[in-house]
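A.B. asks: Generate a structure from the sequence data that follows.
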Amino acid sequence: MQTKKAPFIIIEGTDGSGVSTQAERLERKLRDEDREVYLTKEPTDGPAGAMIRLALAGRLVPPKDVAELRSFEPYTLALLFAADRMDHLHTDIIPMLNRGVTVISDRYYLSSYAFQGLDINLEWLQKINSRCLKPDLTIFINVDSAICYKRMQRRRWHVELFEEQAKLEEVRQNYLKVIQRLIWQGENIVIIDGNQPINVIHQQIFREVEKTSPKNRVVHTPQLGF
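C.D. replies: Numbers count the residues shown, from 1 in each chain. Prediction:
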């Protein structure tokens, strides 16, 4: 058991909901308040994260005799996400928190539950992520799927897995369903209306972050194994 000296904050949302924008704005705001901040993301830039990015972009080269395979099957991809997450926790996130550095993550295990939970049993996903550190606060930016889809069409030359409009709405609804379950299980999750102006969203996120006290939190250091 270790004393965690700073809060662990997660920003979540469907693709195109402005998660990265709001995570970056929050980082700048906290730095302006003279706080030490570490902004990170999932998938990470580590070995497992790099493989995940290729899979999501459909850029993995399949064997010549299995031409229909364009990505990992869902359970393999879920395990890759869990491995990437645990590695990142042990090498970066937990050491930062214990040094008193506030950590903001652009996505965390809630993304796995919402996206991969469309094809995989949620209980199994929770089991493989059961050793992960619980966030002090998770913010879900709830944006209409049609708006998200239009944003992605404007800025991207290719469409990744989970990014068709109908799929975006399915993921959004699954987020809301899973969030209710996690709140019931004791997690601190706040849903923010992401259809508002960017500055309004940022202000609401910052107000929620201010409620998280950086003092005297206790963390059970995650250990590998399930």
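A.B. asks: If we ignore the residues flanking it in sequence, what's nearest the residue nearest the centre of the chain?
C.D. replies: Geometric centre of the chain, nearest residue: residue 107, 1.4 Å, by CA atoms, centre = their mean. Distance criterion CB to CB, 6 or more residues apart in numbering; nearest residue to residue 107, sequence neighbours excluded, is residue 42 at 4.2 Å. No exception for glycine: its C-beta is placed from N, CA and C like everyone else's.
A.B. asks: on that earlier part again, ok, the residue nearest to the centre of the chain - contacts?
C.D. replies: Contacts here follow CB atoms under 8 Å, 6 or more residues apart in numbering; on that basis residue 107 touches 10, 11, 12, 19, 41, 42.
A.B. asks: List just the nearest of those residues to residue 198.
C.D. replies: Distance ranking of those against residue 198, using CB to CB, places residue 19 first at 12.2 Å.
A.B. asks: Tell me the spacing between that closest one and residue 122.
C.D. replies: According to CB to CB, to the nearest Å, residue 19 and residue 122 sit 21 Å apart.
A.B. asks: More neighbours: those two, which one.
C.D. replies: With neighbours defined as other CB atoms under 10 Å, residue 19 and residue 122 compare such that residue 19 has more, 23 against 16.
A.B. asks: For that one, which non-adjacent residue is closest in space?
C.D. replies: In space, residue 19 comes closest to residue 13 once its chain neighbours are excluded; the distance is 4.5 Å by CB to CB, 6+ apart.
A.B. asks: pretty sure the one you found is in contact with residue 140, am I right?
C.D. replies: Yes - taking CB atoms under 8 Å as the contact criterion, residue 13 and residue 140 are neighbours in contact, 6.2 Å apart.
A.B. asks: Overlap in contacts, the two.
C.D. replies: Common neighbours of residue 13 and residue 140, counting by CB under 8 Å, 6+ apart, are residue 175.
A.B. asks: Compare these two and say which is more crowded by neighbours.
C.D. replies: residue 13 (27 against 24).
A.B. asks: For that one, give me its contacts.
C.D. replies: Counting by CB under 8 Å, 6+ apart, residue 13 has contacts 19, 140, 141, 142, 143, 175, 194.
A.B. asks: and the fifth one, how many neighbours does it have?
C.D. replies: Summarising burial for residue 143: neighbours were counted as other CB under 10 Å, giving 24.
A.B. asks: right, and it touches residue 18 too?
C.D. replies: Yes - here residue 143 lies in contact with residue 18, judged by CB under 8 Å, at a distance of 6.9 Å.
A.B. asks: how about stretch 40-55 as CSV, C-alpha atoms only?
C.D. replies: What follows is the C-alpha trace of stretch 40-55 in CSV, where atoms were taken according to Å, rounded to 0.1, in the frame of the first residue of the first chain:
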residue,chain,number,x,y,z
THR,A,40,-0.9,10.9,-21.2
LYS,A,41,-3.1,8.9,-23.5
GLU,A,42,-4.3,5.4,-24.5
PRO,A,43,-3.2,3.6,-26.5
THR,A,44,0.2,4.6,-25.3
ASP,A,45,3.4,5.0,-27.4
GLY,A,46,4.8,1.7,-26.0
PRO,A,47,5.2,-1.5,-27.9
ALA,A,48,1.7,-2.8,-27.2
GLY,A,49,0.2,0.6,-27.8
ALA,A,50,1.9,0.8,-31.2
MET,A,51,0.4,-2.5,-32.2
ILE,A,52,-3.1,-1.4,-31.1
ARG,A,53,-2.9,1.7,-33.2
LEU,A,54,-2.0,-0.4,-36.3
ALA,A,55,-4.9,-2.7,-35.5
